[in-house]
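Novice: 3D, please:
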Amino acid sequence: MITQKQKTIAIYAFPLALLTIPMLGNIFSKEVNWTAADFLIAGILLFTTAFLINLVRNKIKKQSRKIMLSIFILLALVLIWLELAVGIFGSPFAGS
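Specialist: A predicted model of the protein is given here:
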């Protein structure tokens with residue numbers, strides 16, 4: 001059985017594991033060109049998402065609401081990430 005502490009550690013370890021992918025790409029490939037600012041922004045986005053999902057998991061009692069809020073949080077992350085990467089909405093902070 002997985003304890004609450006282990007679940008929390010897994011939630012916060014996942015963004016760290018995701019950030020190692022572009023870091024390894026920077027080291028071993030010339031095609032990946034992330035700057036320190038890129039890692040900082042990605043880290044803020046991923047760890048904020050992890051924090052919000054952990055908060056929902058601990059504070060909301062009803063399972064259906066937990067799932068709904070978690071999906072909403074993940075959808076917001078994806079939309080912000082896409083906007084920063086390619087500018088799908090054409091906002092002033094778009095990446096393209």
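Novice: and Ile73, which helix or strand is it part of?
Specialist: Here Ile73 sits within helix 63-86, counting by DSSP states H and E.
Novice: give me the buried positions along that helix.
Specialist: Neighbour counts over helix 63-86 (16 or more other C-beta atoms under 10 Å) mark Lys66, Leu69, Ser70, Ile73, Leu77, Trp81, Glu83, Leu84 as buried. Using the backbone N, CA and C atoms, a C-beta is placed for each residue, glycine as well.
Novice: could you measure from the third one over to Lys5?
Specialist: If you measure Ser70 against Lys5 using C-beta to C-beta, to the nearest Å, the figure is 19 Å.
Novice: tell me which element the residue sitting nearest the centre point of the chain is part of?
Specialist: Centroid-nearest residue in the chain, with C-alpha atoms, centre = their mean: Leu46, separated by 2.5 Å. Using DSSP H and E, Leu46 sits in helix 36-59.
Novice: what comes into contact with that helix?
Specialist: For helix 36-59, contacts defined as C-beta atoms under 8 Å, 6 or more residues apart in numbering pick out 7-8, 11-12, 14-15, 18-19, 22-23, 34, 66, 69-70, 73-74, 77, 80-81, 84.
Novice: and it, how far out from the chain's middle?
Specialist: Centroid separation between helix 36-59 and its chain, computed with C-alpha atoms, centre = their mean, to the nearest Å, is 5 Å.
Novice: where does the prediction get shaky in the chain?
Specialist: Applying pLDDT under 70 to the chain flags residues 95-96.
Novice: can we see that at 90?
Specialist: 1-2, 84-96 (pLDDT under 90).
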